[in-house]
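S.K.: With the input below, show me the fold.
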Amino acid sequence: MADFVGAVDQGTTSSRFMIFDHDGNEVAKHQLEHTQILPRPGWVEHDPVEIWERTNVAIQNAVRAARIAASDLAAIGITNQRETTVVWDPRTGQPYCNAIVWQDTRTDTIASALDRDERGELIRRRAGLPPATYFSGGKLRWILENVDGVRAAAERGHALFGTTDSWVLWNLTGGPNGGIHATDVTNASRTMLMDLETLDWDDELLEIFGVPRAMLPRIHSSADPEAFGQARTSRPLRTPVPITAVLGDQQAATVGQVCFTPGEAKNTYGTGNFLLLNTGTEPVRSRHGLITTVCYRFGEGPAVYALEGSIAVTGSAVQWLRDQMRTIRDAAESETLARTVQDSGGIYFVPAFSGLFAPYWRSDARGAIVGLARYHTNGHLARATLESICYQSRDVVEAMAQDSGVRLDVLKVDGGVTANDLCMQTQADVLGVPVSRPVVAETTALGAAYAAGLAAGFWRDTDELREHWHESKRWEPRWSEERRAEGYAGWKKAVRRTLDWVEV
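M.R.: Numbering: from 1, shown residues only. Now for the predicted structure:
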């Protein structure tokens, strides 16, 4: 019997392959970064070929590091950066252009035009999403309208669309030689093209965006023993391994945090922050700037839905300090630098590089640092950067409480930024509730492995998965209510300064 489950985690800045044992422990992993292509202000692209090549190498190296054979893997799950849009030629496997990344804002005029008439309300009602640059439908329309030959190719059946899960899956299962063109309900729910209730592509939404149905992948459950084929192209996988799960990264993290009961929530700290609240088998329509999304669907069971607060720039604000401002050499140094001061000295940094996502949805916003005096240092800026991560999360928690009536008793957290002790303590202080990190902080890959293992019979049920969840660390709030209220009021004032900066 196979002893392990593998997970492809194709993220915004890197691709990796992780291998887990039956207790949910990490056995091996390999991770490779890919290039962030920034051709114009507001444009963010990736090279799909580079993503696939590095994913393939990551699989090879992780399997080699684990010293296992392909036959030791019961199944593979795939999780991915959502909304990032790839269009390719199925005859050659070559993309027609770079992938347009979820952070990209070139479609702001498309989104704004849709939001000004009845089409915006139709998108909200059917897809559960506001018209925004974030989602895939506008990106796909932009490619069809602006990349030479793509629309004609699509109409001839010579162009396929997918988010990066579909791109990786197609290549893993053979590419031009019989690759499977599929996705799951969680990724499809991020396109503005799927009906949340039928869980299928919607003809009216396709017409709004001018998308030929033949381009689209087939939608399946998130965990399915038959739908996604077998991995058979990576050199170490000489024996084909079944691919039994596909989930968007934030939904995978929700599974990895075992949030299987309505009312349970998690917050993932990565390039952006994404807070998901399980709302059960009926979609809850947000009135306060959140997204209604599919949380997961296992096999033939009912879809489980979530309210989500998506924040565009959190961990990537720390990357900005490192790569553009060169005030730190690595992400860990942000904490060291921030600890050189007692507080942010009254400055606020609102990193609205791609506009503001939940709960504001303002593509006209741009980043701002406010409250500066000559007194301030790089330490104050580093501290304000960490605080910006926490205040943006509070914005989402407040909206979630208004929509659902659920007040969090504790916030489960995961992702790379949770290694920053100061940031997590600040998060507890800003929210006024404890923050809890699990033993396995990288729950995105773990959730993909859990879903794949459930579909393959490697794990019995979700109750067995709950037994593997253990807390690593907890941060209790220390701020007074007065300080918490004063800090948040200053944040809201700073956010207002970022609005109406770009004409849309």
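
S.K.: pLDDT below threshold where in the stretch 151-300 of the chain?
M.R.: Within the stretch 151-300 of the chain, the stretches with pLDDT under 70 are 233-238.

S.K.: now do 90
M.R.: For the stretch 151-300 of the chain, the stretches with pLDDT under 90 are 231-240, 262-265, 270-272, 274, 279, 282-287, 289, 291.

S.K.: any idea which element the residue nearest to residue 284 when sequence neighbours are not counted lies in?
M.R.: Counting by C-beta to C-beta, 6 or more residues apart in numbering, residue 307 is the residue found nearest to residue 284 once chain neighbours are left out, at 5.7 Å. No exception for glycine: its C-beta is placed from N, CA and C like everyone else's. Taking DSSP states H and E as the definition, one finds residue 307 inside strand 304-311.

S.K.: per-residue pLDDT, the residue nearest to residue 284?
M.R.: According to the prediction, residue 307 has pLDDT 93.

S.K.: Now for it: which residues touch it?
M.R.: The contact partners of residue 307, taken as C-beta atoms under 8 Å, 6 or more residues apart in numbering, are 276, 277, 279, 284, 286, 290, 291, 292, 293, 400, 403, 404.

S.K.: Quick one: residues contacting the last one.
M.R.: For residue 404, the contacting residues are 263, 277, 279, 284, 307, taking C-beta under 8 Å, 6+ apart as the criterion.

S.K.: now the first one
M.R.: Listed by C-beta under 8 Å, 6+ apart, the contact set of residue 276 reads 250, 251, 253, 254, 259, 265, 266, 293, 295, 306, 307, 308.

S.K.: next SSE after the strand holding residue 307?
M.R.: Per DSSP H and E, the first helix or strand lying C-terminal to strand 304-311 is helix 315-323.

S.K.: which outside residues touch that next one?
M.R.: The list of residues contacting helix 315-323 from outside it, by C-beta under 8 Å, 6+ apart, reads 12-13, 103, 269-273, 313, 327-331, 333-334, 349, 351, 353, 381-382, 385-386, 388-389, 415-417.

S.K.: For PyMOL, write a command that selects the buried ones of those residues.
M.R.: Those of the contacts of helix 315-323 that meet the burial criterion (16 or more other C-beta atoms under 10 Å) are gathered into one PyMOL selection, given here:
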select buried, resi 12+13+103+269+270+271+272+273+313+327+328+331+334+349+351+353+381+382+385+386+388+389+415+416+417
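
S.K.: Okay, and which of the contacts of helix 315-323 map to strands?
M.R.: Under the assignment DSSP state E, the contacts of helix 315-323 contribute 269, 273, 349 to strands.

S.K.: Name the nearest of those relative to residue 96.
M.R.: residue 273 (31.7 Å; C-beta to C-beta).

S.K.: residues touching that closest one, list them.
M.R.: With contacts defined as C-beta under 8 Å, 6+ apart, residue 273 is in contact with 267, 309, 310, 311, 314, 315, 389, 392, 393, 396.

S.K.: which helix is the longest one in the protein?
M.R.: Of all segments of type helix in the chain, defined using DSSP state H, the longest is helix 378-404.

S.K.: report the angle between the axes of that one and helix 315-323?
M.R.: Using axes from the mean of the first three to the mean of the last three C-alpha atoms, to 10 degrees, one finds that helix 378-404 and helix 315-323 are set 170 degrees apart in direction.

S.K.: okay, the angle between helix 378-404 and strand 304-311?
M.R.: Taking the same axes, to 10 degrees, one finds helix 378-404 and strand 304-311 inclined to each other by 150 degrees.

S.K.: what's the closest non-adjacent residue to residue 131?
M.R.: What sits nearest to residue 131 in space, not counting adjacent residues and going by C-beta to C-beta, 6+ apart, is residue 114, at 3.9 Å.

S.K.: just checking, that neighbour is part of a helix?
M.R.: Yes. The assignment for residue 114, made by DSSP: H, G, I helix; E, B strand; the rest coil, places it in a helix.

S.K.: you'd agree it is up against residue 121?
M.R.: No. The pair formed by residue 114 and residue 121 falls short of the contact definition of C-beta atoms under 8 Å, at 9.7 Å.

S.K.: who's more crowded, these two?
M.R.: More neighbours surround residue 114 than the other of residue 114 and residue 121, with 24 against 13 (other C-beta atoms under 10 Å).

S.K.: Could you pull up the residues touching the more buried one?
M.R.: Residue 114 makes contact with 120, 123, 131, 138, 208, according to C-beta under 8 Å, 6+ apart.
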